[in-house]
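Participant: Okay, here's the prediction I keep looking at, along with the sequence it came from:
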Amino acid sequence: MAVSRLVPGAAIPSWATEGSFFSVTRTADELSIVAAERCTPAGGQSQRGWRALKVHGPFAFSEIGVVSALAAPLAQAKIGVFLVSTFDTDYLLLASSDLETAILALEGAGHTIHRSTPE
């Protein structure tokens, strides 16, 4: 995965909505895009090399502590996380270089990890 930043008024580029997973968020300060690396053009303000872990959901909006239960063991392992939330679930984006350590930290905290092939 890649995380890109465009200027706030930029049009949403066609590459941003390719692939089976993408997230486009516009604020007054930026247009932020999470997309498959293969869809993200070279250049621009992008950080490549992210992997996504999907949290098994759906979760009710009233459920408390779901993200905290995942973020705490990652923080203890000194692993940063970029979070994308949807109506039903959450996705933890981690640097590819941290993936194995993150999985060990999450499993050590009692979480179960199901592996699949990345996009």
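Facilitator: Received the coordinates, thanks.

Participant: Show me where this protein has its strands.
Facilitator: Remark: strands assigned in the chain by DSSP state E are 2-6, 23-26, 31-35, 45-48, 50-54, 82-85, 90-95.

Participant: As JSON lines, these with mean pLDDT would be great.
Facilitator: Output for the strands of the chain, formatted as JSON lines (pLDDT from 0 to 100):
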{"stretch": "strand 2-6", "mean pLDDT": "96"}
{"stretch": "strand 23-26", "mean pLDDT": "96"}
{"stretch": "strand 31-35", "mean pLDDT": "97"}
{"stretch": "strand 45-48", "mean pLDDT": "94"}
{"stretch": "strand 50-54", "mean pLDDT": "94"}
{"stretch": "strand 82-85", "mean pLDDT": "94"}
{"stretch": "strand 90-95", "mean pLDDT": "95"}
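
Participant: okay, those strands, which one's buried deepest?
Facilitator: Sort the strands of the chain by mean neighbour count, taking mean count of other Cβ atoms under 10 Å, and strand 31-35 sits at the top with a mean of 21. Any C-beta I mention is one placed from the backbone N, CA and C, and that applies to glycine too.

Participant: And the contacts of that strand?
Facilitator: 1-10, 12-13, 15-19, 21-26, 40, 50, 82, 84, 93 (Cβ atoms under 8 Å, 6 or more residues apart in numbering).

Participant: before we move on, back to that, out of the strands of the chain, nearest to H111?
Facilitator: Closest to H111 of the strands of the chain is strand 50-54 (Cβ to Cβ; 9.5 Å).

Participant: what distance separates that closest one from the centre of its chain?
Facilitator: Chain-centre distance of strand 50-54: 5 Å, with Cα atoms, centre = their mean, to the nearest Å.

Participant: Need the contact partners of that strand.
Facilitator: Residues from elsewhere that reach strand 50-54 (Cβ under 8 Å, 6+ apart): 1-3, 21, 34, 82, 84, 89, 91-96, 99, 102, 106, 113, 118.

Participant: repeat for stretch 19-28
Facilitator: Applying Cβ under 8 Å, 6+ apart, the external contacts of stretch 19-28 come out as 1, 8, 12, 16-17, 31-36, 38-39, 52, 84, 91, 119.
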